[in-house]
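Prediction below, plus the sequence it came from.
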Amino acid sequence: MSLLEVAHLTAGHGLLVACQNIAFSLEAGEVLALVGANGAGKTTLLRCLAGAHRPSQGQIQFAGADITSLAAHRRTAQGIALVPEGRRLFPDMTVLENLLVARAAKRSGDWSLATVLDALPQLRPILTRRAGQISGGQQQATAIGRALMTNPRLLLLDEVSLGLSPVAVEGVYAVLPRLIEAGIAIILVEQDLRRAMATADRLICMLEGQIVLQGPAADLTREAVTAAYFGLNRIAA
Amino acid sequence: MIWINQILQGILLGGYYALIAAGLSFLFGVMRVINLAHGSLAVLAAFLLLVIDHWLGISPFVGLLLMLPAMALVGVVFQLGVLERSLRGGVLIPLLATFGVSLLLDNILFALFGANTRSFASHIGTLSYGSWAINRSIDISQLDALIFATALGLLGGMHLLLTRSQLGRMIRATAIDADAAALSGIDPRRVRVAAAAMAMMMVGIAGAALGMRSSFEPYAGGAQLIYAFEAVVIGGTGSLWGTLIGGIVLGIAQNVGATINPHLSQISGHVVFLLVLVLRMRGAGGLLGDLRRKIRRQPMAPT
Amino acid sequence: MNQNYSIERGTSKIRILLAILLILVAGLAAGPLLLSANDLDHLIVLFIYIILAIAWNALAGYGGLVSVGQQAFFGIGAYAAIRLSYYGMPVYLALPLGGVAGAAAAWVASLFMLQLRGGEFAIGMWVLATLIQQLVSLDPLIQGSTGTSLLVLNHFSPAARRADTYWLTLAVLLGLLGLLFLLLRSRQGAAMQAIRDDEEAARSVGVAVAPTKRLVFVFAGFGAGMAGALWLAASITFQPGTYFGVQWTAYMIFMVLVGGIGTFEGPILGALLFFALETMFGATGVWYLIGLGAAAVGFALFAPRGIWGALEARMGWRLLPVGYRLVLVPESQHDAAASAAVQFDSHA
């Protein structure tokens, strides 16, 4: 049985359809990269998985249970954590408070304040700073740390490198091997195709709300993914 | 000397205003809703205490132990029945709904208890008139001092709770960004229910203070809402310590006004409130704006 | 499909309706010649309620401003009429100037009150109303909370006074309705409705939010001030506690909420309903008020569009052409009435 199974998922904003008939599955510990142009529906899909957006059709199964209509905080308690687009930290609270507040999920596991700070050592010196007053890279690390504090089995990362300097991106990505080692399944939305293919076991490419290509990252060429990304196959056909 | 006394008495009176304002400020901080039923709920609390004392024949201070849980329950019902639903309706609906609740409460209390003015002054023994003489012209009422100390304790306690406890962090997170809070495992609905229950316990304490230091009747809620609101605005919305300062400024303004002319007591309070509004318009410049910004920078209230 | 479109402001049915309205107005104007004194008194009260509902609806429904302090202008209207009449002004000139005083006070208040948002504005207005009541009570003429009377009116015979007050009230009502109608059809009206629907979005597309809100606020102040002066003309006595009482705003909110906030017709319906309820149950005193409170909460939570709003949404009704409707016309047949596929309507 897969950790996550998505079937016939359709979701939109008002009359606009963002994702259409999405179906895929994910094994425990697997890393999946979700790529596609802006507006392809990646963020909406992640938000549907996390319970932050209500799909209009389809089912989501997690660890064998139907979670389609479960509220976001209940999914967090089941082990799904989203690092949302734009990080969405609590800016008036300190970094430490941002981490501690996620204990609300009440999931026991390997991750505690100590292990999170081991994995993200860059947070140690800034624990008492306000989350709104630290650098973008530090904010992204805090957002990942906050998600880890909920002890996730599935971590959803939405464009964690967006708006960061190359150095800061390296700092954020440095934590990924550690998470993979810990057996956390990851769905990663990433604009940097090379990095996505290097990190992930499997890759899904979305175009205009639909999955146009998926397969093991090792079997796909950059050319094939690029073509799917821009919808070149379709135009040729 | 009379001025020093008036200012001192104004500070003490400010303790009461801070007490009545605390619940309004807290609820606004968490839910961004100005609860127009706030004053009516404080009067409801006073009547609850009256009924409890009447039935059981106990002192209002003991009665508080029953009234406060009852007010917490009122908060839960109010949150689930009115606020939670109205929050989804944009800016207008919470105002209209809570104003409707205040009409409802005022008139139900009138139907049940009539127009008579009530007070706990005769139920609290010497506390209602006892005072300490500082010198020949300055006396400090024991009840006023108790209410001021209660306000300090309540605001301090709230500050500790919001900054040091997991519940406090959850409340602040929900206030800042309910969606992000839910993604961190917080149930925003439950947090808001808890916050509403806490706010109504604060309202309960204020209602008891109202009944002890002066009197109340079913339609006294409007005036309490206005005092609470003035204290909140003068002190800067969303800041608990600002609420204390706002209450004190209001208390001093009223007492100084009353010293000049008895008619000016309330008027000078309202005028100070309007002055603060005008000052705020000028880019929050001047002393008050600076003070407010300093207060806001401290992590004491959900902002 | 290839489509043309035409922009319509009303349907042909509207013209028939306008004719009916004109006949109704003519009938109402003949009231003093046909109706009993008691009926006239009732109609005066009803008209004043409609004026109050229109004024508050303009403020909240089109300006997005919930005020619980509109009694300030109601009281100012009456107070100004008394003051001016005391200075020797003819009473039927002083009464309309009460409305002007309400508008002027609203303009002054707008300079600082409109800085407030949402609930802050709501209670801030209440504070202002309380302050004005206390200041008015300081006027020796008013004799504190005892109040005074518009004694000049006793110089007229009761029948003449009643007829004059009736005509004045009717004229003010029709004038306000006409003014609001024209406002809503003007550029300002489009701005008002844009602000009602989404203030931020309106601002971002270049709607001048602040002047538009001020216009609505002054209009509402004028309406409430006129209502106060007319109430004074009908009841002669003036006590600050009554005229500056928050119950006036409570009535306004009830009428607008139940009738349909942000619609042109809703407040009129709400006022009719309120008047009927008061006639039937007003004598039960406090239970009537409890019922009003419960209805206000119920409508706010479960039917925030009010009766008219719900009817409109369900039936596509619209009596008065205050909005624009875009009618898509198929290329082949330019029959506007045949297809009303898409409506861009002001009545959201």
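Nice, thanks for sending it over. None of these values were measured; they are calculated from a predicted model.

For the host helix or strand of residue C:162, what is the distance to the chain centroid?
In this assignment (DSSP states H and E), residue C:162 forms part of helix C:158-185. Here the centre of helix C:158-185 is set off from its chain's centre by 12 Å, with CA atoms, centre = their mean, to the nearest Å.

What residues sit buried inside that helix?
Judged by neighbour count using 16 or more other CB atoms under 10 Å in any protein chain shown, the buried positions of helix C:158-185 are C:161-170, C:172-173, C:176-177, C:180, C:183-185. C-beta here means a position set from N, CA and C on the backbone, and glycine is covered the same way.

what's the neighbour count on whichever residue of chain A sits closest to chain B?
Residue nearest to chain B within chain A (CB to the nearest CB): residue A:105, separated by 2.7 Å. Neighbour count for residue A:105, taken as other CB atoms under 10 Å in any protein chain shown: 26.

Show the contacting residues for it.
By CB atoms under 8 Å, 6 or more residues apart in numbering or on different chains, residue A:105 lies in contact with A:73, A:76-77, A:81, A:149-151, B:184-185.

quick one: which of these sit in strands?
Of these, the ones assigned to strands by DSSP state E are residue A:81.

For the contacts of residue A:105, which single residue is the most surrounded?
Result: residue B:184 is most packed of those (other CB under 10 Å), 32 neighbours.

how near is the nearest residue to residue C:107 once chain neighbours are set aside to chain A?
Distances taken as CB to CB, 6 or more residues apart in numbering or on different chains put residue C:218 closest to residue C:107, at 5.2 Å, once the chain neighbours are dropped. Computed as CB to the nearest CB, to the nearest Å, the residue C:218 to chain A distance reads 36 Å.

Residue C:218 contacts residue C:106, doesn't it?
Yes - contact status for residue C:218 versus residue C:106: in contact at 4.7 Å, counting by CB atoms under 8 Å.

For chain B, which residues are neighbours of chain A?
By CB under 8 Å from any CB of the partner chain, the residues of chain B that approach chain A are B:166, B:169-170, B:172-173, B:176-177, B:179-188, B:299, B:303.

And the residue of the stretch 51-200 of chain C that's closest to chain A?
residue C:198 (13.8 Å).

Identify each buried residue in stretch B:41-60, please.
B:41-53, B:60.

What is the burial count for residue 28?
Went with chain A since none was named. 14.

switch to chain B, that's the one I care about
For residue B:28, the neighbour count with other CB under 10 Å is 24.

nearest residue to it other than its sequence neighbours?
Using CB to CB, 6+ apart, the nearest residue to residue B:28 is residue B:34, at 5.6 Å.

give me the element that neighbour is part of.
Per DSSP H and E, there is no helix or strand for residue B:34.

what's around it, how many residues?
By other CB under 10 Å, neighbour count at residue B:34 equals 26.

I'd like to know which elements the longest helix along chain A is packed against.
Using DSSP state H to define each element, chain A has its longest helix at helix A:136-148. The contact analysis (3 or more CB pairs under 8 Å, 6 or more residues apart in numbering or on different chains; DSSP states H and E) places helix A:136-148 against strand A:80-83, helix A:95-101, helix A:113-119, strand A:154-158, helix A:166-173.

Buried deepest among those, which one?
strand A:80-83 (a mean of 28; mean count of other CB atoms under 10 Å in any protein chain shown).

how far does it sit from the chain's center?
Worked out by CA atoms, centre = their mean, strand A:80-83 lies 6 Å from the chain centre.

by contact count, what packs against it?
helix A:42-50, helix A:136-148, strand A:154-158.

Near chain B, which residues of chain A are found?
Going by CB under 8 Å from any CB, the residues of chain A near chain B are A:50-52, A:71-74, A:76-77, A:81-82, A:84, A:88-94, A:97, A:100-107, A:146-147, A:149-150.

please redo it, this time with the cut-off set to 7 Å
Residues of chain A lying near chain B by CB under 7 Å from any CB of the partner chain: A:50, A:52, A:71-73, A:76-77, A:82, A:84, A:88, A:90, A:92-93, A:97, A:100-105, A:146, A:150.

What of the stretch 201-348 of chain C?
Looking at chain B, the residues of the stretch 201-348 of chain C close enough under CB under 7 Å from any CB are C:246, C:250, C:253, C:257, C:286-287, C:289-290, C:292-294, C:296-297, C:300-301, C:304.

which of these sit farthest apart?
C:286 and C:304 (26.3 Å; CB to CB).

OK, contacts around the residue in chain B positioned nearest to chain C?
With CB to the nearest CB as the measure, residue B:34 is the residue of chain B nearest to chain C, at 2.5 Å. For residue B:34, the contacting residues are B:28, C:118-120, C:122-123, by CB atoms under 7 Å, 6 or more residues apart in numbering or on different chains.

one more time with 8 Å
B:24, B:28, B:94-95, B:98, B:229, C:118-120, C:122-123.

Kindly report the same for residue B:171.
Here residue B:171 is in contact with B:30, B:162, B:191, B:194-195, B:302 (criterion: CB under 8 Å, 6+ apart).

re earlier: closest to residue A:223 out of the helices and strands packed on strand A:80-83?
Here helix A:42-50 is closest among those (CB to CB), at 21.0 Å.

Can you show me the CA trace of that closest one as CSV?
This file holds the C-alpha atoms of helix A:42-50, laid out as CSV (Å, rounded to 0.1, in the frame of the first residue of the first chain):
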residue,chain,number,x,y,z
LYS,A,42,1.4,22.8,-8.4
THR,A,43,0.7,25.0,-5.4
THR,A,44,-3.0,24.3,-5.5
LEU,A,45,-2.2,20.6,-5.6
LEU,A,46,0.0,20.8,-2.5
ARG,A,47,-2.6,22.9,-0.7
CYS,A,48,-5.2,20.2,-1.5
LEU,A,49,-2.9,17.6,0.0
ALA,A,50,-2.3,19.6,3.1
